[in-house]
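Undergrad: Build me a structure from this.
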Amino acid sequence: MRITVRSLLLCSTLCARVSAHWAADSKQQPIVHHQGPLGDNNDDDEKTPVYRTSLLSLHRALVDVPSISGSERSVAILLEKILTDYNYTVELQRLSSTKPSSDENDESHARYNVLAWPGRNSDRTFHNRVLITSHIDVVPPYIPYAINGTPIAPGSPYDFSDITSNTFISGRGSVDAKGSVAAQITAASLLWSSPSIHASDVMLLFVVGEETSGQGMKFFSSSLSNHTSPPGGQRPQFRAVIFGEPTENKLACGHKGILGGSIFAKGKAGHSGYPWLGKSAISVLVRALDKLLSADLGSSERYGNTTVNVGFIEGGVAANVIAKEAKARLAVRIAVGNQTTGGEIVAEGIRKVLRETDEEALGLELVAGYGPVECNCEVEGFETMVANYGTDVPNLHGDHVRYLYGPGSILVAHGDDEGLRVRDLEDAVEGYKRLIKHAVEDSA
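TA: Sure thing, here's the model as predicted:
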């Protein structure tokens, strides 16, 4: 079966049915939040894409279903149904739940990556394809789908025929990253059914856990070792991978690396009236953080300065007691070195600051990080940008070309005002179509 405009429209009906079914079963009460500012609804389009209704129906169905990291099962099942109806061969890749359960086989808490190959009963191979991927988990809290600031109850009928390119659509995940998911599915489906590309050129992957540990992509990457491909029966390699994240429909040349960790300070407790008889761990920690925030931890022309965020501080037991212990948690965005070396360069810079402040009183515990991540942005017809946030790009190992692209702005992605215009979604479909064709042809 070829995917036509008619079949895309029929699939929009499926999206509405599945969304309504989820709404009937759900006991969760969403947080209602009205968005703004919205602007007017004047449509300055010369043409309305024939896929508008199917795209918006798919996007709405995805946003309707809560999928906070660790609880992605429902949206994975939804995608399985939709992609099957879009004539894909779909496989759910089961991951362990983040919720405690006495039964390891308990499906109610299971989480799934969603893999899809164009065509019914198609060859489930990986090697030499262009992988199109994004994530289906979102940050809390759940915010319902809304159009121009008016929440639309999950599963309730909505006529998209009055929608214009300037209509504002909001809700948790509408940007990060269900906007990318909907646009990627639409673009890939239109291409391989035209056929501008062959069905064997591409596959889709939608992963869980990107917003927390990257568990979904790491699991998929590790699973590739269980598959072998000719020649030599080695681990399969993708031609290229297109990652979907909010880049304002600009092609990212890369993004900063990240390093997380904690600084610990030890002191000597005593009466606050006699501070010279003790040693305040808090005072030591504050001095260290002050130096760290003003330190030069490295920079580069492409990525700018390495930055430090102190996101959490705790210490002491009472105001009239000299603090014996204190701790701060950090998130460092790395702009120096490369993906392999950048983390250690910055880690050594942090250690140097702590040694110079009080080597005996201060300790450091770091979580493994990575330096700046480079992506290919030399594709004609795209504006470019550099991102300060982290992605799943470094979590997928392999010698493939990497692209990072998607609709919406990261500046609203985790906020109460998360949303985007219809034109952003439609521009993303066209952008993904160009990018997929380029990746297929460039690596052929």
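
Undergrad: For the stretch 201-350 of the chain, which segments are assigned as helices?
TA: Assigned by DSSP state H, counting those that start in this stretch, the helices in the stretch 201-350 of the chain fall at 215-223, 281-294, 342-358.

Undergrad: residues of the second one that come out buried?
TA: Spelled out, that is helix 281-294. 281-286, 288-289, 292 (16 or more other CB atoms under 10 Å). Just so you know, the C-beta spots here come from the backbone N, C-alpha and C atoms, and that holds for glycine as well.

Undergrad: go on, the shortest one?
TA: With burial defined by 16+ other CB under 10 Å, the residues of helix 215-223 counted as buried are 215-221.

Undergrad: what is the mean pLDDT for it?
TA: Computed over helix 215-223, the mean pLDDT rounds to 97.

Undergrad: Pull the residues that contact that helix.
TA: 93, 95, 111, 113, 115, 133, 135, 137, 205, 207-210, 392, 395-398 (CB atoms under 8 Å, 6 or more residues apart in numbering).

Undergrad: make it 10 Å
TA: Helix 215-223 is contacted from outside by 69-70, 72, 76, 93-96, 98, 111-115, 126, 131, 133, 135-137, 205-210, 214, 235, 243, 391-398, using CB atoms under 10 Å, 6 or more residues apart in numbering.

Undergrad: again with the second one
TA: The set of residues that contact helix 281-294 without belonging to it, under CB under 10 Å, 6+ apart, is 263-269, 275, 280, 307-310, 313-316, 322-328, 330, 332, 349-350, 352-354, 356-358, 360-362, 364.

Undergrad: Let's see which of these end up in strands.
TA: If you go by DSSP state E, those have 263-266, 307-310, 313-315, 325-328, 330, 332, 362, 364 in strands.

Undergrad: Quantify the burial of Glu344 by counting its neighbouring residues.
TA: 14 (other CB atoms under 10 Å).

Undergrad: The chain should start at 805 in everything you say after this.
TA: Right, with 805 as the first residue, what we last looked at is Glu1148.

Undergrad: Would you mind measuring from it to Val1140?
TA: 10 Å (CB to CB, to the nearest Å).

Undergrad: Check which element follows the least confident helix or strand in the chain by mean pLDDT along the chain.
TA: Lowest on mean pLDDT, DSSP states H and E among the helices and strands of the chain sits helix 809-829, with a mean of 53. Once the chain leaves helix 809-829, the next helix or strand it forms, by DSSP states H and E, is helix 856-868.

Undergrad: returning to that earlier point: need the buried ones from the ones in strands among the contacts of helix 1085-1098 selected in PyMOL.
TA: Here is the PyMOL command that picks out the buried ones among the ones in strands among the contacts of helix 1085-1098, judged by 16+ other CB under 10 Å:
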select buried, resi 1067+1068+1069+1070+1112+1119+1129+1130+1131+1132+1134+1136+1166+1168
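
Undergrad: Now Ala914: phi and psi?
TA: In terms of degrees, to the nearest 10, the main-chain angles of Ala914 are phi -70, psi 150.

Undergrad: Output the below-cut-off pLDDT ranges for the chain.
TA: 805-850, 902-910, 1034-1036, 1247-1248 (pLDDT under 70).

Undergrad: returning to what we had before: can you tell me which of the helices of the stretch 1005-1154 of the chain is nearest to Arg1106?
TA: helix 1146-1162 (12.1 Å; CB to CB).

Undergrad: Tell me how far that closest one lies from the chain's centre.
TA: 29 Å (CA atoms, centre = their mean, to the nearest Å).

Undergrad: same thing with stretch 997-1004?
TA: Per CA atoms, centre = their mean, the centroid offset for stretch 997-1004 relative to its chain is 27 Å.

Undergrad: Show the end-to-end separation of that stretch, please.
TA: 12 Å (CA to CA, to the nearest Å).

Undergrad: ok, and for it, which residues are buried?
TA: 997, 1001, 1003.

Undergrad: Between those residues, which sits nearest Cys1181?
TA: Using CB to CB, the buried residues of stretch 997-1004 come closest to Cys1181 at Ile1001, 21.4 Å.

Undergrad: Please name the residues that touch that closest one.
TA: Ile1001 touches 922, 934, 992, 995, 1237, 1240-1241, 1243-1245, counting by CB under 10 Å, 6+ apart.

Undergrad: switch to 7 Å and redo it
TA: Applying CB atoms under 7 Å, 6 or more residues apart in numbering, we find Ile1001 in contact with 995, 1240-1241, 1244.

Undergrad: again, but for Ile1149
TA: 1102, 1140-1141.

Undergrad: isn't Arg864 right up against Ala950?
TA: No. Between Arg864 and Ala950 there is no contact under CB atoms under 7 Å: 10.2 Å.

Undergrad: neighbour count winner among the two?
TA: Per other CB under 10 Å, whichever of Arg864 and Ala950 has more neighbours is Arg864, with 25 against 21.

Undergrad: hang on, Ile973 packs against Gly1223?
TA: Yes. Shown here, Ile973 and Gly1223 form a contact pair, counting by CB under 7 Å, at 5.9 Å.

Undergrad: More neighbours: which of these two?
TA: Set side by side, Ile973 and Gly1223 show more neighbours around Gly1223, with 29 against 26, by other CB under 10 Å.

Undergrad: Please name the nearest non-neighbouring residue to the more buried one.
TA: Leaving aside its chain neighbours, Gly1223 sits nearest to Ser974 (3.0 Å; criterion: CB to CB, 6 or more residues apart in numbering).

Undergrad: Next: Val1183.
TA: Leaving aside its chain neighbours, Val1183 sits nearest to His1242 (5.3 Å; criterion: CB to CB, 6+ apart).

Undergrad: now do Gln897
TA: Asn917 (4.0 Å).

Undergrad: Can you tell me the SS state at that neighbour?
TA: strand (DSSP: H, G, I helix; E, B strand; the rest coil).

Undergrad: The buried residues of stretch 997-1004 in strands, which ones?
TA: Per DSSP E, the buried residues of stretch 997-1004 never map to strands.

Undergrad: Take these and write them to a markdown table, including distance to Ser984.
TA: Converted to a markdown table, the buried residues of stretch 997-1004 look like this (distance: CB to CB, whole Å):
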| residue | distance to Ser984 |
| --- | --- |
| Ser997 | 20 |
| Ile1001 | 19 |
| Ala1003 | 21 |
